[in-house]
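Asker: Just the structure for this:
(one chain, ligands or ions: 2)
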Amino acid sequence: MTVDVHELQQAAATRDAADPLREYRSLFHGADDPASDVVSYLDGNSLGRPTIAATEAITAAVAQWSGRLIRGWDEQWMELPLTIGDRIGSVVLGAAAGQTTVGDSTTVLLYKLARGALAMRPGRTEIVLDTDNFPTDRYVLEGVANELGLDLRWITVDPASGVELDAAREAITERTALVVLSHVAYRSGYLADAEAITRVAHDAGALVLWDLCHSVGSVPIELDSWNVDFAVGCTYKYLNGGPGSPAFAYVAAEHLDVFRQPIQGWMGRRDPFEMGPGYVPAEGIRRVVSGTPAILGMVAMQSTIDLIERAGIGAVREKSVLLTEYLIDLTGELLPGVRIASPVGAERRGGHITLDHPAFRDVTQRLWARGVIPDFRAPQGLRLGPSPLSTSFAEALVGVRAIAEELGR
Ligand SMILES: Cc1ncc(COP(=O)(O)O)c(C=O)c1O
Ligand SMILES: Nc1ccccc1C(=O)C[C@H](N)C(=O)O
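Answerer: Ligands and ions are numbered 1, 2, ... in the order given. This is a model prediction of the structure:
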């Protein structure tokens, strides 16, 4: 196949020049760094790049630790999970203050919120989830269902798509206690209609718990106005919190008085330093906390929250759509024989796409060796996850051209 590489590069440069968010790229480590061995990073939805401001924030946090020592807890750290939670709530979740906290992994928060939610629907017997939800969601709910003697009702989805409204409508009944779905599917990138599915669940008297790992920081979210009950999400993807940075949990204000989670640690107790007998949940969202929060782990994400606030989540989404659209177009042009295993229409597509080809397991290894970093998802998916604030169109082109070369196109 003959493609004019120069023309492609020119077109990518034109897109970059017209990108209103182009200046943000230089605020990240590694982007356009000649010393880096990475020439195309397309895995921002597994682990976002570090911001330069994060280095400063971590250094400052260590200085605070060193200078303030144990006093740091009273002065700032006890509040930090809730302070950052409120920032996440206001900038990327559409959540008023007092409903979001940061701590634990997404996996652990899924467990805590699912158990708490199920206790609010006694007598109901089913948890609704889908067959292509992220493994940890499926495994956690399998465990919870076993513990409580509940049934799982699986919505079977095409891995190239996701949970459509009609399928949700069919699965959710008066037996449903809780619906647990991903807003953006980890494999296909399918963007579920969270507002409409939440309404369907509520009409049936059920509660919803959304996994926002792949949407937070890339797709606009309006938890309060969608009337969502519960949500969790990762902070190490589009919020650039760093490897293993703690997740966030959202509990709608209307549930906070009755919500009880199962890991009754002292840090979620009313007045923990009273060290008194018996667990009494703290007021408000603090009751989601169990043990001592990972303060150093939650420092880095703050700079990306600031950047998203400055850019506006609407502009972030616009760039994200243009990037995935560009990747889809390049696939058509440069990768004949490769199937797009993601929604083609932007209204149902999140921030990443997956391509499908039998050679991709081997191809991924060769790409990583040459500094082109997408992700492989079994059985034969190559997942491309650009980050709107740090990925350029030129970088995306370098990636797709390398895939074409490795496929011998
Ligand atoms: C949709 C989704 N849920 C949950 C997780 C898991 O979160 P963790 O391993 O941080 O608990 C991930 C990614 O790891 C994910 O993509
Ligand atoms: N936390 C990780 C640690 C190691 C490797 C990948 C991850 C991911 O986050 C994967 C991501 N959740 C996914 O959607 O595939």
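
Asker: C-alpha only now, for contacts and for neighbours.
Answerer: Fine.

Asker: any idea how far the residue of the stretch 151-300 of the chain found nearest ligand 1 is from Ala167?
Answerer: Residue nearest to ligand 1 within the stretch 151-300 of the chain: Cys213 (4.9 Å; C-alpha to the nearest ligand atom). Distance, Cys213 to Ala167, using C-alpha to C-alpha, to the nearest Å: 22 Å.

Asker: ok, now Gln264?
Answerer: Distance, Gln264 to Ala167, by C-alpha to C-alpha: 36 Å.

Asker: Next, Gly332: secondary structure please.
Answerer: helix (DSSP: H, G, I helix; E, B strand; the rest coil).

Asker: Can you read off the pLDDT for it?
Answerer: The per-residue pLDDT reported for Gly332 equals 97.

Asker: Same question for Met1.
Answerer: With respect to pLDDT, Met1 has a value of 58.

Asker: and what of Asp32?
Answerer: pLDDT, Asp32: 89.

Asker: ok, now which ones touch it?
Answerer: Ser26, Val39 (C-alpha atoms under 8 Å, 6 or more residues apart in numbering).

Asker: now do 10 Å
Answerer: Counting by C-alpha atoms under 10 Å, 6 or more residues apart in numbering, Asp32 makes contact with Arg25, Ser26, Val38, Val39, Ser40, Ser392, Glu395.

Asker: Just to be sure, it is in a helix?
Answerer: No: counting by three-state DSSP, Asp32 is not part of a helix but coil.

Asker: residues touching the nearest residue to the residue of the stretch 151-300 of the chain closest to ligand 1 once chain neighbours are set aside, list them.
Answerer: Counting by C-alpha to C-alpha, 6 or more residues apart in numbering, Gly233 is the residue found nearest to Cys213 once chain neighbours are left out, at 4.2 Å. When contacts are counted by C-alpha under 10 Å, 6+ apart, Gly233 touches 102, 105-107, 109-110, 182-183, 210-216, 246-250.

Asker: let's see 6 Å
Answerer: Counting by C-alpha atoms under 6 Å, 6 or more residues apart in numbering, Gly233 touches Thr106, Asp211, Leu212, Cys213, Ala247, Phe248.

Asker: Turn those residues into TSV, including pLDDT.
Answerer: Converted to TSV, these look like this (pLDDT from 0 to 100):
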residue	pLDDT
Thr106	98
Asp211	99
Leu212	98
Cys213	98
Ala247	98
Phe248	99
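
Asker: Of those residues - the most surrounded one?
Answerer: Greatest neighbour count in the contacts of Gly233, by other C-alpha atoms under 10 Å, goes to Cys213: 28 neighbours.

Asker: Residue numbers of the stretch 151-300 of the chain in contact with ligand 1?
Answerer: Ser182, Tyr186, Asp211, Cys213, His214, Cys234 (C-alpha under 6 Å from any ligand atom).

Asker: Quickly note the distance from the fifth one to Gly351.
Answerer: In this case it means His214. Going from His214 to Gly351 by C-alpha to C-alpha gives 8 Å.

Asker: So for those two, which sits in the more crowded spot?
Answerer: Gly351 (34 against 28).

Asker: Sketch out the low-pLDDT regions of the chain for me.
Answerer: Applying pLDDT under 70 to the chain flags the ranges 1.

Asker: Please enumerate the strands of it.
Answerer: Ranges of strands within the chain are 40-41, 100-102, 126-130, 151-155, 176-182, 207-211, 230-233, 248-251, 339-340, 353-356, 372-373, 375-377, 381-384, based on DSSP state E.

Asker: Return the residues in contact with Gly94.
Answerer: Counting by C-alpha under 6 Å, 6+ apart, Gly94 makes contact with Ile221, Glu222, Leu223.

Asker: List the residues that contact the first one.
Answerer: For Ile221, the set of contacting residues under the criterion of C-alpha under 6 Å, 6+ apart consists of Leu93, Gly94.

Asker: neighbour count winner among Gln264 and Ala167?
Answerer: Using other C-alpha under 10 Å, the more surrounded residue of Gln264 and Ala167 is Gln264, with 19 against 15.

Asker: Ramachandran coordinates for that one?
Answerer: Torsion angles at Gln264 (phi, psi; degrees, to the nearest 10) stand at phi -80, psi 80.

Asker: Grab the nearest non-local neighbour of it.
Answerer: Nearest to Gln264 is Ser290, by C-alpha to C-alpha, 6+ apart, at 6.0 Å.

Asker: tally of neighbours for that neighbour?
Answerer: Neighbour number of Ser290 under other C-alpha under 10 Å is 19.

Asker: Name all residues that make contact with it.
Answerer: By C-alpha under 6 Å, 6+ apart, the neighbours of Ser290 are Gly265, Met267, Gly268.

Asker: out of those residues, which is most surrounded?
Answerer: Gly268 (24 neighbours).

Asker: near ligand 1, which residues of the stretch 1-150 of the chain?
Answerer: Proximity of the stretch 1-150 of the chain to ligand 1 (C-alpha under 6 Å from any ligand atom) is limited to residues Ser105, Thr106, Thr107, Phe134, Thr136.

Asker: Please spell out the ChimeraX selection for the buried subset of the residues you listed.
Answerer: The buried residues among those can be selected in ChimeraX (16 or more other C-alpha atoms under 10 Å) with this line:
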select :105,106,107,134
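
Asker: Using JSON lines, please lay out the contacts of Ser290 together with distance to Ala311.
Answerer: Listed next are the contacts of Ser290 as JSON lines, based on distance: C-alpha to C-alpha, whole Å:
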{"residue": "Gly265", "distance to Ala311": "38"}
{"residue": "Met267", "distance to Ala311": "35"}
{"residue": "Gly268", "distance to Ala311": "34"}
